[in-house]
Structure formats: C-alpha cells, structure tokens
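Engineer: this one's structure only:
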C-alpha cells in the first residue's frame, strides 16, 4: 500500500513517504503531535513539517485511501503555489484575509531562520519589529506609558497587547540571525536592548528568555556552534593542562549540554566548575578572568556562576532541575 502511494506521489511531482511510528518506542513523539498512545490510531498528514490534517479512530482502508489521495491533491496544489510564489510561507496572510501583521511575520521569519535563510529572516524580523513598534505607540498612549513608572500591574495589562509580545520576539529573532552568522557582538546589542526595554517579557515569555540566554552563553564562553559540541570537547578534555584553559573548556561543556537539551548535565557541570573555583582562583585572577580583589561567596560573580544563572533563567524557576540545582549551589557558596 505504501509503495503504491509513493509511486502515485512521484507521478504527481511529489515525494510522498508513508511510515508507522510506535509512540511507545519513540519518546516525545506523542507529546509533539498531541497523541494519546493508548487511544485509537491517529493518521497525521504533515506538509513542510506542519500537521495539516489528521484521521483518527479505526477506519476502513477505503477511507484511508480517500484521505491520503485528498492530502496528495492538497500537497500538489501547495507545491504549485509555492513555485509561483503564492504558497503559505510566501504570502504572509492571516486566515481572516487581513493584511500581514507582526505575529504572522514572526511565524514566517522563524521558518526562514530554521531553513538557514538568514537574510530573508532578518528582513522579516525587521518588518515585524517595525509594525510592532507602530502598534506600541498607540498602546502606550492609551495606557499612559512613559508618564508613569512601569509596574507589575501595568505590565499585566500591556502583555495582553500583541505588540508587547511580538516586539521582544522580533528583537530576539534579529539577535539569533546575528548569532547564526557568528556576529556575537551584534547579537548582544539585541540582548541588551531587549533586557532594557522589555524586562518583564524576559521573565514571562519563555521563548524570549531562551533566545537571550543562548546568545549570552555563546558570548561569555566563546562557544562556536560549528566547532564545539559535547563529543569534540570531551575528546580534548584530558589534553587541557592550563587551569584557565581547563576552566574555559568546561564552561563550553556546560553550553554544549544546554544547546543539545541535556539541561541537568549542564547544571551539574556548572556546579562542578563552581566547586573548583577556590583552587583555580589565583590563576583566574592572574589572567584577569575575575577581578583581582574578588572573594568567593554567595554574591561573588564569576563566569561559571553567570553561566549557571543564565541556564536557570532559561529553564524557569519551577523547573525541577533548577530547584535541585539551586539547592546544590547553596552548598558551594
């Protein structure tokens, strides 16, 4: 059956692939697609990494055939539209046929960045930011922003406005565009602007916090996504003899764990570095990694403690790894 549909797909100028996924053997799949693995089978139709339709329950083969053929017809039309520049990601329109808006622009920009179309993504993020700021001027006048001090109560009202969500996200997107081309200094300007202009957004919008933290981690540690990863860093771990190089090397290990999704290991590695700072302190002072008058304690600021603080921020205060990590940190400070 699968071969027949694949052949049909080729005839239509498409690459159709059918497959069966055991949700119980593929951790995270059922969460990603919102499938209860203990319920009836669910057939998902995915186009351009987006679920466009699904068929649920125990159904006849003829019904499955009709659904697959309908999806092929849909996909064929989308491919044709995309070739003509009229596809979903080429024409940035809302479902209600209104003009493009910051939210739809952000969705397109995210997709462009994922495809490494950095120049396109940058232009789209800039457009989203421009429209967000225009809307923000009207919102600020309505709430009297600028005439009174920003408070928790005022922010609660503002964050219901779309522009106060899309503006910081647009800035983060521009930062990620800069980071993707190794322009860390430029990326940091967007980080500083976001933290300065939208401090509450950093706390309340998890996506914003994660983007800012990633940029700052790369800036602090000199991590290079093209060259540095857990495997390469671990390979040269035993060859690092200089104490400062050892310190910096293990900071990169923390970042590699974090960007690869091993947050618990990232926290544990950072804690190990913090625990070793007492022995490494003279060398760190000599190489100006930390101030010469620094004394270790609960309020001391070192690169390792800053890195750990950023990981905590990205995960959020209620994350189990953060709660456990803070308890362990108290033992070393």
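Structural biologist: Good, I have the coordinates. All figures in this text were calculated on a predicted structure; none of them were measured in a lab.
Engineer: the residue of the chain positioned farthest from its centre sits in which helix or strand?
Structural biologist: Residue distances from the centre of the chain (Cα atoms, centre = their mean) peak at residue 62, which lies 41.0 Å from the mean C-alpha position. Following DSSP states H and E, one finds residue 62 within helix 61-83.
Engineer: now swap in residue 251 and tell me
Structural biologist: Going by DSSP H and E, residue 251 is in helix 243-259.
Engineer: any idea which helix or strand comes after that helix?
Structural biologist: Taking DSSP H and E, what comes next after helix 243-259 is helix 263-286.
Engineer: report the buried residues of the host helix or strand of residue 328.
Structural biologist: Per DSSP H and E: residue 328 is located in helix 320-332. Neighbour counts over helix 320-332 (16 or more other Cβ atoms under 10 Å) mark 321-322, 325, 329, 332 as buried. Using the backbone N, CA and C atoms, a C-beta is placed for each residue, glycine as well.
Engineer: where does confidence bottom out across those?
Structural biologist: Among the buried residues of helix 320-332, residue 332 has the lowest pLDDT, at 73.
Engineer: how about the strands in the protein?
Structural biologist: With strands called from DSSP state E, the chain shows them at 42-47, 50-56.
Engineer: go through these and find the least confident stretch.
Structural biologist: strand 50-56 (a mean of 65).
Engineer: which of the residues in the longest helix seen in the chain are buried?
Structural biologist: Assignment by DSSP state H gives helix 118-143 as the longest helix of the chain. Neighbour-count burial for helix 118-143 flags 118, 120-122, 124-129, 131-132, 135-136, 139-140 (criterion: 16+ other Cβ under 10 Å).
Engineer: quick one: list the elements packing against that helix.
Structural biologist: helix 102-114, helix 152-158, helix 163-180 (3 or more Cβ pairs under 8 Å, 6 or more residues apart in numbering; DSSP states H and E).
Engineer: relative to helix 102-114, how tilted is it?
Structural biologist: Relative orientation of helix 118-143 versus helix 102-114 (axes from the mean of the first three to the mean of the last three Cα atoms, to 10 degrees): 160 degrees.
Engineer: let me see the mean pLDDT of helix 118-143.
Structural biologist: 92.
Engineer: same thing with stretch 183-194?
Structural biologist: 94.
Engineer: got a list of contacts for that stretch?
Structural biologist: 168, 171-172, 174-176, 178-179, 201-202, 208, 212, 215-216, 218-219 (Cβ atoms under 8 Å, 6 or more residues apart in numbering).
Engineer: in this structure residue 255 contacts residue 222, no?
Structural biologist: No: the criterion here is Cβ atoms under 8 Å, and residue 255 misses it with residue 222 at 9.4 Å.
Engineer: which one's more surrounded, these two?
Structural biologist: residue 255 (28 against 12; other Cβ atoms under 10 Å).
Engineer: now do the closest residue to that one other than its chain neighbours against residue 189, distance only.
Structural biologist: Once flanking residues are discounted, residue 255 sits nearest to residue 223: 4.4 Å by Cβ to Cβ, 6 or more residues apart in numbering. To residue 189, residue 223 is 19 Å away according to Cβ to Cβ, to the nearest Å.
Engineer: between these two, which is the more surrounded one?
Structural biologist: residue 223 (22 against 14).
Engineer: surely that one meets residue 216?
Structural biologist: No: look at residue 223 against residue 216 with Cβ under 8 Å: they stay out of range, at 10.7 Å.
Engineer: hmm, residue 217 is touching residue 211, no?
Structural biologist: No: if you go by Cβ under 8 Å, residue 217 and residue 211 don't touch, sitting 11.0 Å apart.
Engineer: the two: which is more packed in?
Structural biologist: Applying other Cβ under 10 Å to residue 217 and residue 211 shows that residue 211 carries more neighbours, namely 26 against 22.
Engineer: contacting residues around the more buried one?
Structural biologist: 172-173, 175-176.
Engineer: looking at these, which is nearest residue 73?
Structural biologist: residue 173 (34.3 Å; Cβ to Cβ).
Engineer: could you measure the closest residue in space to the closest one that isn't next to it in sequence against residue 253, distance?
Structural biologist: Spatially, and ignoring its direct neighbours in sequence, residue 173 is nearest to residue 125 (3.9 Å; Cβ to Cβ, 6+ apart). To residue 253, residue 125 is 31 Å away according to Cβ to Cβ.
Engineer: where does the stretch 201-333 of the chain have low pLDDT?
Structural biologist: Residue ranges of the stretch 201-333 of the chain with pLDDT under 70: 225-241, 333.
Engineer: how about a cut-off of 90?
Structural biologist: 201-207, 222-250, 252-253, 256, 259-262, 295-300, 316-318, 329-333 (pLDDT under 90).
Engineer: one more: the stretch 1-150 of the chain?
Structural biologist: For the stretch 1-150 of the chain (pLDDT under 90), the answer is 1-104, 107, 114-116, 138-150.
Engineer: coming back round to it: residue 269 is nearest to which of the helices and strands packed on helix 118-143?
Structural biologist: Of these, nearest to residue 269 by Cβ to Cβ is helix 163-180, at 21.8 Å.
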